[in-house]
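# From the sequence below, what's the structure:
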Amino acid sequence: MRMHLERKLYHCVSMLLVTDHVDQRGIDDRVIKIGSTESVRLTDIVGDQPMSVATHHHNSPFRHVILEGSDLTNSIAGQYEYVMAHKL
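This is a model prediction of the structure:
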């Protein structure tokens with residue numbers, strides 16, 4: 001959808017929102033380093049306030065991780081401009 005809008009010259013910003021909420025679908029904030037089994041929950045590294053991080057910087061760690069359970073090979077930085085992590 002985003003690519004189609006940008007081809008029509010609309011500017012889009014994509015943001016991934018993750019929380020520490022766990023339900024029957026599982027955990028939505030666990031990321032895995034590409035090419036590894038090492039994982040971390042993003043909400044474990046934030047304080048009580050929501051944290052938003054731009055992913056597009058050349059040294060962003062989001063260039064090297066994917067969401068756990070994702071069948072995509074693109075990193076989080078390849079899919080989203082920002083990641084927001086929030087503890088509920």
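# now the helices for this structure?
Counting by DSSP state H, one finds helices in the chain at the ranges 2-7, 76-79.
# Most tightly packed of the ones you listed?
Per residue and on average, the most neighbours among the helices of the chain fall to helix 76-79, with a mean of 18 (mean count of other C-beta atoms under 10 Å). For glycine as for every other residue, the C-beta is placed from the backbone atoms N, C-alpha and C.
# could you give the mean pLDDT of that helix?
The pLDDT scores in helix 76-79 average 90.
# Kindly report the same for stretch 17-27.
For stretch 17-27, the per-residue pLDDT averages 88.
# how far does it sit from the chain's center?
13 Å (C-alpha atoms, centre = their mean, to the nearest Å).
# And for stretch 47-65?
Distance, centroid of stretch 47-65 to centroid of chain: 8 Å (C-alpha atoms, centre = their mean).
# With stretch 63-73 instead?
With C-alpha atoms, centre = their mean, you get 9 Å for stretch 63-73.
# Over to stretch 5-18?
Stretch 5-18 sits 14 Å away from the centroid of its parent chain (C-alpha atoms, centre = their mean).
# circling back to that earlier point, which one of the helices of the chain lies closest to Leu16?
Set against Leu16 and scored by C-beta to C-beta, the helices of the chain come closest in helix 76-79, at 6.5 Å.
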